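1. I'll drop the sequence and a predicted model, then ask my questions.
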Amino acid sequence: MTKTHAPCGSLAGLLAALALDAVTDPRPAVVFALVGGATAGALLPDTDHHSSSPARMWGRATQIPCAWIGRLAGGHREWTHDVSRGAPLAFAAAFGACLVAPLLAAAAGAWHWLDVLSDGLGAVAIALVTGLALIGVDAWLSSLPTLGRRRLRIDTGTNAVVSWLTALAVVGTYPGGLPATVIAAIVVGVLIGVPAGIAGDACTLSGVPWRGRDRHLLPYGWRIRTGSAVEAAIRVPILIAVTVLAWVLAGHPGAEVLADLQAQ
Ligand SMILES: [Zn+2]
């Protein structure tokens with residue numbers, strides 16, 4: 001379901017960003033953080049399996065921790081996929097804590113090593129959100145019609161380099177930690193994205209746990225087989241909606257050009 005999880009998370013994040021846009025005028029960093037956090041959030045439940053796409057994100061560096069998470073969580077599609085046991089809250093709290101750590105250390109005038117440690121935690125959280133969001137970009141790219149024989153993809157190496165350069169650039173720009181509004185946007189994004197990812201799995205044959213039982217969002221006979229043609233078909237309208245909403249949110253760039261062309 002990975003190729004569907006990320007677009008579902010992006011869609012949920014974009015809807016939240018549009019709702020926010022309707023009441024205030026959020027800064028682009030807040031919008032990016034919200035949509036990025038939601039895209040990443042939808043993939044986080046699958047960090048409980050050593051061969052899922054979030055696990056393969058940076059090769060061994062993510063595969064080994066994901067295998068640990070799987071063991072701690074009691075197996076694949078157990079605790080990390082259980083809203084009734086607070087999985088969305090736990091993921092959001094973990095990211096929130098890592099991102100707030102540099103702010104706290106700076107405010108407390110912490111000892112040097114504690115300061116370095118908290119900045120490191122913040123950087124890891126930013127790199128993880130960026131890397132997971134890039135898996136979402138890759139899912140979008142891989143659904144585009146092929147240009148000649150080559151598909152445009154973001155491979156493991158590119159993902160790692162871009163994610164960590166982004167994290168270093170962000171830490172360099174905000175040495176005392178990210179602004180509180182951006183941290184809040186990432187945390188809210190993760191809180192929205194994790195249930196979006198779990199909801200996708202709740203539509204599959206195996207379902208997801210809820211209060212000790214496997215539950216389903218779809219009636220028997222309608223449940224989707226992971227990796228099937230039905231899943232691929234459902235992904236298309238989701239990806240189109242993501243593209244349209246991103247375009248609307250970006251203030252429809254190109255609309256002026258179109259209007260200009262029509263006026264000619
Ligand atoms: Zn899944």
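-> Great, that's in hand.
2. rest of the way, CA atoms for contacts and neighbours
-> Fine.
3. Can you read off the backbone torsions of Ile238?
-> Backbone torsions of Ile238, given as degrees, to the nearest 10, read phi -70, psi -50.
4. any idea where the strands of this protein begin and end?
-> 208-210, 213-215 (DSSP state E).
5. Does Thr47 touch Ala55 like I think?
-> Yes: if you go by C-alpha atoms under 8 Å, Thr47 and Ala55 touch, sitting 5.9 Å apart.
6. Find the residues that touch each one of those two.
-> Jointly contacting Thr47 and Ala55 under the rule C-alpha atoms under 8 Å, 6 or more residues apart in numbering are Cys66.
7. Quickly note the distance from the most centrally placed residue in the chain to Trp111.
-> Central residue of the chain (C-alpha atoms, centre = their mean): Ala40, 1.2 Å from the mean position. According to C-alpha to C-alpha, to the nearest Å, Ala40 and Trp111 sit 32 Å apart.
8. contacting residues around the closest residue to Leu218 other than its chain neighbours?
-> Excluding its sequence neighbours, the residue lying closest to Leu218 (C-alpha to C-alpha, 6 or more residues apart in numbering) is Cys203, at 5.6 Å. Cys203 sits next to 216-218, 223-224 when contact means C-alpha under 8 Å, 6+ apart.
9. how far does the longest helix along the chain sit from the chain's center?
-> Across the chain, the longest stretch assigned as helix under DSSP state H is helix 112-142. From the chain centre to the centre of helix 112-142 is a distance of 11 Å (C-alpha atoms, centre = their mean, to the nearest Å).
10. What residues sit buried inside it?
-> Of the residues in helix 112-142, 115, 118-140 count as buried by neighbour count, 16 or more other C-alpha atoms under 10 Å.
11. helices or strands up against that helix?
-> In terms of contacts (3 or more C-alpha pairs under 8 Å, 6 or more residues apart in numbering; DSSP states H and E), helix 112-142 is packed against helix 2-23, helix 28-43, helix 53-56, helix 87-108, helix 156-173.
12. Noted, bye for now.
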